[in-house]
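Trainee: give me a 3D structure for the following:
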Amino acid sequence: MYLEHFKLRECPFRLTPGAGYHYLSEGLQRAKAYLSYSLWSGEGFVVITGDVGCGKSLLIQQWLAELNGKNIVVVKLALTRLTDIEFLQAVLVELGQRPFSANKIELMGMFNTCLVEFATKGKSLLLVIDDAHNFNKDVFEMLRVLSAIDFMKKKMLPVVLCGQPGLNTLFESFDMEHVSQHVRFRCRIEPLTQTEMVEYITHRLRAAGAVNSWLFAAETIPVIHGYTGGIPRLINILCDTALVSAYADAAAHVTVEALTAALADLGWVPYVKRRDTSTANNSANQFDSVMPNEPVFSELHRRLSQLESLPTAMITVADRLSGIEALLSELVRVLHADGKEFHARSNVKTGDWKFHDGLKRVE
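Mentor: The predicted structure is shown next:
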């Protein structure tokens, strides 16, 4: 629509761009290095987290494209609300198996056989999971078991877990310690700074063939960053809408007026306000939508379960204390009796205690 007007070859801010449009921020570059190392070492989990739209999926897509033809079999899953058995079945289906009538032991045997077959053919398996924050703890335990399989003293299953920041919170819970110890690298992808955002927009415009690599007035920069929070997906949406708005005004570049009109059409408020509102809504609804794998509530449930047996135990203790009190009272009474000496011995046969007057021991 606006390509000819701005002398562009392609739309620079499409949400599904070609490879030449990828911009690697410092955080993305570090995450890519972790991914490459984990594949080389073949062991442990790589956990990549970030807010929605920060570029996790595009990073994985680009990285996997570079692995093409390197004897690597990639299994990529995006459906994550699964039980541990359903998860294992989904992986095996991706490997060309028919696992639906098998039990868990048989499924694990099938998976182990696949790994060994790949290894003998000089291939390796890479498991990439998107939206991993939706997994329950049974699936993570299954992943831990599968990643421990080795062949010729070498681990055979590198695992990449991508998800929202809550994934890190899950790994930090007490009852996930045995799984979190298998995490080799963690990397959180932060939103772009304002400087990085300018580089990002410039990179996109140049990739789209812009003669003038900058089509946005300088005063629009803080406004764009303030309304997008540095999230690449939101930057794409706002910049594309602003170009349409500027085109409608027959402007040579995006002005503050065109950007303001675009924001009005989108109905956006500053990013901080949207984020705060979203956080408040999530906090208000947390008791209505607690997932079974929520770490805080899982730990609370475990502690409350332990308390269920406490009343019975306290009653038992109280009964024993009452018995001790009665024995002590009897002992005090006997010791203070006039002219009496207290002697006792245990009857081996009956276990009874006997009391005697005088100083002579009764045999």
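
Trainee: mind listing the strands for this structure?
Mentor: Assigned by DSSP state E, the strands in the chain fall at 45-50, 72-77, 124-129, 150-151, 154-155, 159-163, 183-189.

Trainee: helices and strands of this structure: which one bottoms out on pLDDT?
Mentor: helix 295-307 (a mean of 51; mean pLDDT, DSSP states H and E).

Trainee: re the thing from before, dump the strands of the chain into JSON lines; add mean pLDDT and distance to residue 171 as well.
Mentor: Heads up, the C-betas are built off the backbone N, CA and C, glycines and all. Converted to JSON lines, those look like this (pLDDT from 0 to 100; distance: least, CB to CB, whole Å):
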{"stretch": "strand 45-50", "mean pLDDT": "92", "distance to residue 171": "7"}
{"stretch": "strand 72-77", "mean pLDDT": "90", "distance to residue 171": "19"}
{"stretch": "strand 124-129", "mean pLDDT": "91", "distance to residue 171": "14"}
{"stretch": "strand 150-151", "mean pLDDT": "74", "distance to residue 171": "23"}
{"stretch": "strand 154-155", "mean pLDDT": "74", "distance to residue 171": "19"}
{"stretch": "strand 159-163", "mean pLDDT": "93", "distance to residue 171": "9"}
{"stretch": "strand 183-189", "mean pLDDT": "89", "distance to residue 171": "6"}
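
Trainee: residue ranges of the helices in the stretch 1-150 of the chain, please?
Mentor: Ranges of helices in the stretch 1-150 of the chain, per DSSP state H, counting those that start in this stretch, are 3-6, 26-41, 56-66, 84-94, 104-120, 137-147.

Trainee: adding mean neighbour count, write those out as a markdown table.
Mentor: A markdown table is the format used below for the helices of the stretch 1-150 of the chain (neighbours: other CB atoms under 10 Å):
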| stretch | mean neighbour count |
| --- | --- |
| helix 3-6 | 14 |
| helix 26-41 | 17 |
| helix 56-66 | 17 |
| helix 84-94 | 18 |
| helix 104-120 | 15 |
| helix 137-147 | 19 |
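
Trainee: how about JSON lines for the ones you listed, with mean pLDDT added?
Mentor: Below are the helices of the stretch 1-150 of the chain laid out as JSON lines (pLDDT from 0 to 100):
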{"stretch": "helix 3-6", "mean pLDDT": "90"}
{"stretch": "helix 26-41", "mean pLDDT": "87"}
{"stretch": "helix 56-66", "mean pLDDT": "88"}
{"stretch": "helix 84-94", "mean pLDDT": "93"}
{"stretch": "helix 104-120", "mean pLDDT": "91"}
{"stretch": "helix 137-147", "mean pLDDT": "89"}
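
Trainee: now for the ones you listed, which one comes closest to residue 72?
Mentor: The closest of the helices of the stretch 1-150 of the chain to residue 72 is helix 26-41. By CB to CB, the value is 7.3 Å.

Trainee: what angle sits between that closest one and helix 56-66?
Mentor: Here the directions of helix 26-41 and helix 56-66 differ by 40 degrees (axes from the mean of the first three to the mean of the last three CA atoms, to 10 degrees).

Trainee: helices or strands next to helix 26-41 in the packing?
Mentor: Here helix 26-41 touches strand 45-50, helix 56-66, strand 183-189, going by 3 or more CB pairs under 8 Å, 6 or more residues apart in numbering; DSSP states H and E.

Trainee: hmm, back to that, now the strands of the chain in JSON lines, with mean neighbour count and distance to residue 21?
Mentor: Conversion of the strands of the chain to JSON lines gives the following (neighbours: other CB atoms under 10 Å; distance: least, CB to CB, whole Å):
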{"stretch": "strand 45-50", "mean neighbour count": "24", "distance to residue 21": "19"}
{"stretch": "strand 72-77", "mean neighbour count": "16", "distance to residue 21": "21"}
{"stretch": "strand 124-129", "mean neighbour count": "21", "distance to residue 21": "21"}
{"stretch": "strand 150-151", "mean neighbour count": "14", "distance to residue 21": "39"}
{"stretch": "strand 154-155", "mean neighbour count": "12", "distance to residue 21": "35"}
{"stretch": "strand 159-163", "mean neighbour count": "23", "distance to residue 21": "20"}
{"stretch": "strand 183-189", "mean neighbour count": "18", "distance to residue 21": "17"}
